[in-house]
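1. Just the structure for this:
(2 chains)
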Amino acid sequence: MNSSLVLLQLLNGLQLGMVLFLVAAGLTLVFGVMDFINLAHGVQYTLGAYLTAASTAYFANFGIGLIVGLASAAVLGYLLELLVFRVLTSRSHLEQVLGTFGVILIVTDAMKLIFGPAPISFSAPEALSGMVMLTPTLAYPLWRMLIILAGVGVALLLWLLVARTRIGMLVRAGSTDREIVDLMGVNIDRLFVLVFVFGALLAAFAGAMAGPLISVEPTMGDNIVILAFVVIVVGGIGSVRGAFFAAILIGVVDVLGRAFATTLLKSVIGASAATAAGPALASMLIYILMVLILMARPAGLFSASGAT
Amino acid sequence: MNDMNRAAVVNPALKQDLLTGFAVIGALFAALATAQIAGAPYLTSLIGRIAITSIAALSLSFLIGQAGLVSFGHAAPIGIGAYVALMLAAGGTTDLSIQLSAAFILAALIALITGPIALKTRGVTFIMLTLAFAQMFFYVASSLVSWGGDDGMALAQRSTLFGYQILRTDAMLAAFSIALLAVILLANTWMAHTRFGLVLKAMTENERRVAANGFEVNHFLLYAFVIAAGVAAVSGVLLANQANYVSPAYLNWHRSGELIVIVVLGGVGRLPGAVLASALVILFEEFLGHYTEYWKLGLGLTIVAIVLLRGRDLGAFFGVRNQGARP
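-> Take a look at the predicted model:
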């Protein structure tokens, strides 16, 4: 375990954190503004990856593929909002869990039906799949670097939108007190559609960017949505800033845990025990972290009221 | 509390539930008998699965409906029960009286540790904390290399009761599961009528007011959480016997999600509804799964249709602790 390995893993953690942030941002806004638990947010991630992969293959061009893929994912997200989620927002949290769980089942099987149960091939464009030299001796995959940059870019854009524009102000007001905003004559439903489709777009973008790194398969959204929920609860529901920092924290802890837990354990409890316990401990780490954080701050790191 | 008061607070829907409960149990026994006479071993094992899932769903239904606590980690006590059965059977301890009590006690003790932490919060944070603990147990189970690790392990032998091989055939297992389900259904319905149950129910209406009346709110919720975990572990012991196999998949969060779906489909707080919904979901899986591997598409469409078409009145009924659960 040398310093450059640690640095590489830190960057990997940051990259995972950015993917998590892109998924969690929409989730936390929708939750914050509309008080809507969307378990099916992960399907936008899956749709983004599949549709971008398919259209990239069709147009033989990643740029066009990405635009077409994201646009169609956003349209599908809008349709889901129109047909299902719009009704669910006025229901209890339990019914929202039930309804959106149903949507997960539908989309997962639809993807399986259309693209087959096996992972489909999806690679980053040739020009972007090289390495960048961070220092003269330290290389890092360009694609992962791009994900980090894209994540930071989206975070800045979101901060500008939420903190500096009229719509952002309404979103902040809506997450503080929805009824008052409604009473003041703001069409909160239209605001919700906007926030929802934007969130869906971000999650689809996350799926498209992460696609070449992982396997694009029908259930890929399942695990990411659980992690995204961990992120938004740790960060404070409704807070984009909280989601950003919590995503980085969760991403880095997860990657470092997977990279080093077994090695570190070996020096403590011996090689054979560590080989068994290491991976389990690494997987548990983020949940332990979440429990500790919520014990200290039950409302999350950044409280949602007045959040930016 | 005198009898008049008591009579006044008894919910007529609960009496109805009791009758429905007996009818449901009767129907399960009748279905089992029919399957036996018709010589359909496949149906027999299906009925066993329905009864076992119902026990788990019932415990969660009590937790959600009566106590207003939405646990997203109910797969954990089920898995713990299954592993207790696996480990005890491997050591030669197959007696159900020991296995069931060990599973109940272990899951209850663990809930006694995780419960107070999760109960510091409500609503979505509570949901996520219960999920977090369940995920930890999922990874612990995956790391038990000597018990099969990720793949799991076959049960050494089915459980016995006082030396009798009471679960020898699938029909006997199904009958035993239905009988246990009946006991638990009765116990849960009875619990809903006790002072304990009524205080819990009152809390779902207005927790602050109950606290102001001098009740230790969190103690009541913790007892409910612990009891539900113990009962879920009982279903885990049966599940291990039914499948003859135990694996970490029992603790997967999808299982917890499916149980919530079953409870909400059946109607929160309607205990027999949990049994009916378990039957519905399992039958759906089996019969649709018979024709197409895409049965989940059908289940998803059905769930969404049920949620969307459900009237506002029923919706209000489902909105147990709706206000309280919102952060």
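2. for chain A, what are the nearby residues on the stretch 101-250 of chain B?
-> B:117, B:120-121, B:123-125, B:128-129, B:131-133, B:135-136, B:139-140, B:142-145, B:149 (Cβ under 8 Å from any Cβ of the partner chain). For the C-beta atoms, the positions are set from N, CA and C on the backbone; glycine is no exception.
3. Now which of these would you call buried?
-> Buried residues within those, defined by neighbour count using 16 or more other Cβ atoms under 10 Å in any protein chain shown: B:117, B:121, B:123-125, B:128-129, B:131-133, B:135-136, B:139-140, B:142-144, B:149.
4. Which residues does the lowest-mean-pLDDT helix or strand in chain A contact?
-> The helix or strand with the lowest mean pLDDT-type score in chain A, counting by mean pLDDT, DSSP states H and E, is strand A:131-135 (a mean of 79). Outside strand A:131-135, the residues that touch it by Cβ atoms under 8 Å, 6 or more residues apart in numbering or on different chains are A:Leu7, A:Ala139, A:Tyr140, A:Pro141, A:Leu142, A:Met145.
5. tell me which residues in that strand are buried?
-> The neighbour-count check on strand A:131-135 (16+ other Cβ under 10 Å) flags nothing as buried.
6. The buried ones among the residues of the stretch 101-250 of chain B next to chain A in strands, which ones?
-> Assignment to strands by DSSP state E places none of those there.
7. ok, back up a step: nearest to A:Ile237, of the contacts of strand A:131-135?
-> Distance ranking of the contacts of strand A:131-135 against A:Ile237, using Cβ to Cβ, places A:Met145 first at 30.8 Å.
8. Okay, and that closest one sits in which element?
-> helix A:142-164 (DSSP states H and E).
9. which residues sit against that helix?
-> A:11-12, A:14-15, A:17-19, A:21-22, A:25, A:124, A:128-132, A:167-168, A:171-172, A:202, A:205, A:209-210, A:212-213, A:240-241, A:244, A:308.
10. and the next element down the chain from it?
-> Note on helix A:142-164: by DSSP H and E, the next helix or strand toward the C-terminus is helix A:166-176.
11. to the chain's geometric centre, what's the distance from the helix holding A:Met145?
-> When C-alpha coordinates are averaged (Cα atoms, centre = their mean, to the nearest Å), helix A:142-164 and its chain have centres 13 Å apart.
12. What residues sit buried inside that helix?
-> For helix A:142-164, the neighbour count (16+ other Cβ under 10 Å) marks A:Trp143, A:Arg144, A:Met145, A:Leu146, A:Ile147, A:Ile148, A:Ala150, A:Gly151, A:Val154, A:Ala155, A:Leu158, A:Val162 as buried.
13. ok now stretch A:236-255, how far from the chain's centre?
-> Taking the mean of its C-alpha atoms, stretch A:236-255 sits 10 Å from the chain's own mean (Cα atoms, centre = their mean).
14. Closest one of the contacts of strand A:131-135 to chain B?
-> When the contacts of strand A:131-135 are compared for distance to chain B (Cβ to the nearest Cβ), A:Leu7 comes out closest, at 27.1 Å.
15. Identify the residues contacting the closest one.
-> A:Leu134, A:Leu138 are the contacts of A:Leu7 under Cβ under 8 Å, 6+ apart.
16. measure it to A:Ala271 for me?
-> Taking Cβ to Cβ, to the nearest Å as the measure, A:Leu7 and A:Ala271 are separated by 26 Å.
17. Going along the chain, name the strands of the chain.
-> Because you didn't say which chain, this covers chain A. Under the criterion DSSP E, chain A carries strands at the ranges A:131-135, A:138-141.
18. my bad, the chain I had in mind was chain B
-> Taking DSSP E to define them, one finds strands in chain B at B:153-154, B:245-246.
19. With mean pLDDT and mean neighbour count added, can I get these in CSV?
-> Conversion of the strands of chain B to CSV gives the following (pLDDT from 0 to 100; neighbours: other Cβ atoms under 10 Å in any protein chain shown):
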stretch, mean pLDDT, mean neighbour count
strand B:153-154, 83, 16
strand B:245-246, 90, 23
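20. nearest to A:Val103, of those?
-> Across the strands of chain B, the minimum distance to A:Val103, taken as Cβ to Cβ, is reached by strand B:245-246, at 31.0 Å.
21. Show the contacting residues for residue 249.
-> Here I'm looking at chain A. So, once contact is read as Cβ under 8 Å, 6+ apart, A:Leu249 ends up touching A:Gly17, A:Val234, A:Leu289.
22. wait, chain B
-> Neighbour list for B:Ala249: B:Gly152, B:Arg255 [criterion: Cβ under 8 Å, 6+ apart].
23. What separation is there between it and chain A?
-> Applying Cβ to the nearest Cβ, to the nearest Å, the value for B:Ala249 to chain A is 13 Å.
24. how about the helices in the stretch 201-327 of chain B?
-> Listed in chain order, the helices of the stretch 201-327 of chain B (DSSP state H, counting those that start in this stretch) span B:207-212, B:217-243, B:253-266, B:271-291, B:295-309, B:312-318, B:322-325.
25. now those helices as JSON lines including mean pLDDT, distance to B:Leu58 and mean neighbour count?
-> Conversion of the helices of the stretch 201-327 of chain B to JSON lines gives the following (pLDDT from 0 to 100; distance: least, Cβ to Cβ, whole Å; neighbours: other Cβ atoms under 10 Å in any protein chain shown):
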{"stretch": "helix B:207-212", "mean pLDDT": "82", "distance to B:Leu58": "24", "mean neighbour count": "14"}
{"stretch": "helix B:217-243", "mean pLDDT": "92", "distance to B:Leu58": "7", "mean neighbour count": "25"}
{"stretch": "helix B:253-266", "mean pLDDT": "88", "distance to B:Leu58": "9", "mean neighbour count": "23"}
{"stretch": "helix B:271-291", "mean pLDDT": "84", "distance to B:Leu58": "5", "mean neighbour count": "20"}
{"stretch": "helix B:295-309", "mean pLDDT": "85", "distance to B:Leu58": "20", "mean neighbour count": "19"}
{"stretch": "helix B:312-318", "mean pLDDT": "40", "distance to B:Leu58": "17", "mean neighbour count": "13"}
{"stretch": "helix B:322-325", "mean pLDDT": "36", "distance to B:Leu58": "21", "mean neighbour count": "16"}
